[in-house]
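Enquirer: Can you look at this prediction? I've put the sequence above it.
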Amino acid sequence: MSDMNVGAILSETTSELRFPISLGIDIGGTFTDLVALDHRSGSAAIWKEATTPDDPARGAFAGLRQLFARSGIDPAAIRRVVHATTLFTNALIERKGAPTGLITTTGFADILEIGLERKYELYDLAIEMPRPLVPRPWRREATERLAPDGSVETPLDIAGVLRETEGLLQAGVQSLAIVFLHAYANPVHERAAAAAITERFPRLPVSLSSDVAPEIREYPRASTTVANAYIRPLAEAYLDRLDSALRGLGIPGRLSLMLSSGGLTPLAEAKRSPVHLLESGPAAGALAGAVFGRSAGLDRVLAFDMGGTTAKLAIVENGEPLVGWGFEAARQKRFLRGSGLPIRIAAVELIEIGAGGGSIARASELGTLQVGPDSAGAVPGPACYGNGGTEPTVTDADLALGCLDAGSFLGGAMRIDTTAAEAALMRLARSIGLAPTRLAAGIHDIVNETMAGAARVAIAERGGIPRNYALLATGGAGPVHAWEVARKLGVRQIVCPPAAGVGSALGMLMAPARVDRAAALNQALEAVDWGAVAATFARLHHEALAIIAEAGADMSRLAARRMADLRYIGQGSEVTVVLPEKLSYETVLQAFETRYRALFTRTPPGAAVEIIALRLSVAAPMQAADRAIGLQRRTAETTPRQRCVRFPEGECDAAVLDRYTLRPGTHIDGPVVIEEDESTLLVGPGGTARVLPDGEIVVELPP
């Protein structure tokens, strides 16, 4: 086994892994996490493989072979496979999707460059706006026109559409997006164009805005549809290859894909609309936060997932992660709002921060210490990985501070080069003029403040107070940094679930099948035909049922949520409101005003309200997906270990405990370091920890 092929088994005896077994595959920026979970016993086998950026599937299948060999699991016992990947997001960022063409209404070919006519940095004279996914020569126009209400003003010229499509194919286009003006109100022209194109050119993938993003606002709708077309050939090829390779390993279970909304979708739907997979990995981490938070009896949780490349924060209210209807992909400046491509899909509301274990520390132009946002990633990785990295990272600093132990890193399966870490820190320390230990503490503190600051803003924007939340830490680095992030936020409780280091992969296995659909309405609330609204919801519900059934969900536990985007007439943005059971002008207005006051404290007097869009979310849990996770049990060491750890409160000797020896009901006083194979939990001086019956650890911070 090479240095980077690291792994650990988190299971009881192999004989206890019984049907049904689900397999989760989460490809991250540094490691690929693989989890095989027996839903009946809760036993799990885990393997972490270094991600192979040149071909992510190669690392995943190398890890699968190791997982099966070490756990003794028969691949034929796996009845379900769930997958999340950053492959499609990376294709957008790196502009490595398929050559894509766009056919739009005459006069709208430049919508991708006009965008929102808004600069994300007002005073930057050299600003770089997102480069369109479709170059100008591949953007063609069609003779047709619909009015905002969907009525036909200019009939569609089918012959002209076919001529333009043929020209695009001759130019090398491999995928096509069709975005006609006001197609959200009436898809007739888009569907007629697609039918003619498919009949003439049956091998050309066609994405319609009326299918992908049937909502108002031309630029976001076009951006979303083009992004879907851009990654669709890549998605079809990758997912077909993945499915075939799983069959080649003898795995009979059906393949499902994680959605950005925190749900699952079947293979066929994922290939048709891969844009819904862009935030699949981070969404799985948020879902894990919600699931483990509910298990610990918590309704309000800040799900904190910190891996090797980035940290993600998601707010969980009433046991569910917040889901919004849109985000930005492929930002020019990764953490600056407005610098990316708007994507109008249902997605868990995430705050992404350039703060992972591999985040690089260096001197800024002013000579001060800067951490991230760039990362050492999987290759070369942190200096301590011994894989060629020479720049100091957060992981190197954590090692120097005693937060991590070289001998037990990833259960001892991965060799850690402490000399390389010390040398990397020393070089930077000399250039800045700090002692190496002080530098390591500074790296640790800066990255924690970065994450705490992002959490403060996110909670404040939603009218919340940090101390009303618990911090639920997952990811390989999350439990290491949770203590200090919680202190900075004023949070009094930390929750660390079992197998926290592979929290996202576990979250995928607990995810429900889910379908989110939207339909434009654009009517004053007083003029709405509620019978027509009910018919629209019935149509969307019928479309969703087939997809959820195909995913293999428990249809007896199906749940649907009806929502609508509303605003006061004249406003430029909407508020998404959960609709009451009985639909009428009075009940919907009351729901809107209640939500509006919760967000903005007051409503404008005498203002009329309009509905912009209807939304439906339908979900059903997968079979046995709510089974608790069981940790391996080991006998406690006879000689307690101690390690010198530098906490923000000061340097002190901390007890070092093996998490697999801790029994439910155990109470522990800090300072203490609790190690498991994939992560390490720190409890500082004055803190206490207790082990819950299902293996979760709840940490109480001092007042």
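Expert: Looks like it came in fine.

Enquirer: From what I see, residue 32 and residue 48 are in contact.
Expert: Yes - using CB atoms under 8 Å, residue 32 is in contact with residue 48, at 7.2 Å. Quick note: C-beta positions are derived from backbone N, CA and C, even for glycine.

Enquirer: How is the chain partitioned into domains?
Expert: Following automatic domain parsing, one gets these domains for the chain: 99-220, 513-620.

Enquirer: now this structure, which segments are flagged as low pLDDT?
Expert: Applying pLDDT under 70 to the chain flags the ranges 1-19, 334-335, 411-413, 624-638.

Enquirer: Find the residue at the geometric middle of it.
Expert: residue 282 (2.0 Å; CA atoms, centre = their mean).

Enquirer: That one: helix or strand, and which one exactly?
Expert: Take DSSP states H and E as the rule and residue 282 turns out to sit in helix 280-295.

Enquirer: same for the helix or strand containing residue 210, what does it pack against?
Expert: If you go by DSSP H and E, residue 210 is part of helix 209-212. Judged by 3 or more CB pairs under 8 Å, 6 or more residues apart in numbering; DSSP states H and E, helix 209-212 is in contact with strand 175-179, helix 188-200, helix 218-248.

Enquirer: So which of the domains of the chain is the most surrounded?
Expert: domain 99-220 (a mean of 18; mean count of other CB atoms under 10 Å).

Enquirer: Mind listing the shared neighbours of residue 32 and residue 48?
Expert: Shared contacts of residue 32 and residue 48, defined by CB atoms under 8 Å, 6 or more residues apart in numbering, comprise residue 63.

Enquirer: Neighbour count for those two, which is higher?
Expert: residue 48 (30 against 27; other CB atoms under 10 Å).

Enquirer: Dig out what the more buried one forms beta bridges with.
Expert: Beta bridges link residue 48 to residue 33 when assigned by DSSP bridges.

Enquirer: where do the helices sit along the stretch 501-650 of the chain?
Expert: Secondary structure of the stretch 501-650 of the chain (DSSP state H, counting those that start in this stretch): helices at 503-510, 530-550, 585-600.

Enquirer: for the first one, which positions count as buried?
Expert: The reference is to helix 503-510. 503, 504, 505, 506, 507, 508, 509, 510 (16 or more other CB atoms under 10 Å).

Enquirer: which helices and strands does it pack with?
Expert: Applying 3+ CB pairs under 8 Å, 6+ apart, one finds that helix 503-510 contacts strand 21-27, strand 31-38, strand 78-84, helix 280-295.

Enquirer: Mind putting those into CSV with distance to residue 350?
Expert: Shown next, in CSV, are the helices and strands packed on helix 503-510 (distance: least, CB to CB, whole Å):
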stretch, distance to residue 350
strand 21-27, 15
strand 31-38, 18
strand 78-84, 13
helix 280-295, 5
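
Enquirer: quick one, which of the ones you listed is nearest to residue 548?
Expert: strand 78-84 (14.5 Å; CB to CB).

Enquirer: who's in contact with the closest one?
Expert: 19-27, 36, 242, 246, 251-258, 264, 277, 280-281, 283-284, 504, 508-509, 511, 552, 622.

Enquirer: rerun at 7 Å
Expert: With CB atoms under 7 Å, 6 or more residues apart in numbering as the test, strand 78-84 has contacts from 19-26, 36, 242, 246, 251, 253-258, 264, 280-281, 284, 504, 508-509.

Enquirer: rewinding a little: check the offset of the helix holding residue 210 from the chain's centre.
Expert: 23 Å (CA atoms, centre = their mean, to the nearest Å).

Enquirer: Also stretch 39-50?
Expert: Offset of stretch 39-50 from its chain centre (CA atoms, centre = their mean): 21 Å.

Enquirer: Buried ones in it, by neighbour count?
Expert: Quick answer for stretch 39-50 (16+ other CB under 10 Å): 39, 41, 42, 43, 44, 45, 46, 47, 48, 49, 50.

Enquirer: Now do it: distance from first to last residue.
Expert: Using CA to CA, to the nearest Å, the end-to-end distance of stretch 39-50 comes out at 26 Å.

Enquirer: next one: stretch 571-578
Expert: With CA to CA as the measure, stretch 571-578 spans 20 Å from end to end.

Enquirer: and if you look at stretch 462-473?
Expert: Criterion CA to CA; first-to-last residue distance in stretch 462-473 is 21 Å.

Enquirer: hmm, who's touching it?
Expert: The contact list for stretch 462-473, computed with CB under 7 Å, 6+ apart, reads 289, 292-293, 298, 300-304, 315, 455-456, 459, 479, 482, 485-486, 489-496, 500, 598-599.

Enquirer: What subset of those is buried?
Expert: The neighbour count (16+ other CB under 10 Å) marks 289, 292-293, 298, 301-304, 315, 455-456, 459, 479, 482, 485-486, 489, 491-496, 500 as buried among the contacts of stretch 462-473.

Enquirer: Helices - which of those land there?
Expert: Judged by DSSP state H, the subset of those located in helices is 289, 292, 293, 455, 456, 459, 479, 482, 485, 486, 489.

Enquirer: Of those, which is the nearest to residue 216?
Expert: Taking CB to CB as the measure, residue 216 sits nearest to residue 459 out of those, at 30.0 Å.

Enquirer: Which residue, neighbours along the chain excluded, lies closest to that closest one?
Expert: Residue nearest to residue 459 in three dimensions, not counting chain neighbours: residue 466, with 5.4 Å by CB to CB, 6 or more residues apart in numbering.

Enquirer: Look up how far residue 418 lies from that neighbour.
Expert: When CB to CB, to the nearest Å is the yardstick, residue 466 and residue 418 sit 35 Å from each other.

Enquirer: Over to residue 151?
Expert: Per CB to CB, residue 151 is found 72 Å from residue 418.

Enquirer: same thing with residue 361?
Expert: 17 Å.

Enquirer: Have a look at the two and say which one is more surrounded.
Expert: Taking other CB under 10 Å, residue 361 and residue 418 do not tie; residue 361 has more neighbours (25 against 17).

Enquirer: Could you look up the SS state of the more buried one?
Expert: Secondary structure for residue 361, judged by DSSP: H, G, I helix; E, B strand; the rest coil, is strand.

Enquirer: That one: what's it in contact with?
Expert: The contact partners of residue 361, taken as CB under 7 Å, 6+ apart, are 369, 371, 392, 393, 397, 428, 443.

Enquirer: Go through those residues and say which is closest to residue 615.
Expert: residue 371 (39.1 Å).

Enquirer: Which strand or helix spans the closest one?
Expert: strand 369-375.

Enquirer: contacting residues for residue 155?
Expert: Contacts of residue 155 (CB under 7 Å, 6+ apart): residue 144.

Enquirer: could you check the distance from it over to residue 161?
Expert: When residue 155 is compared with residue 161 (using CB to CB), they lie 12 Å apart.
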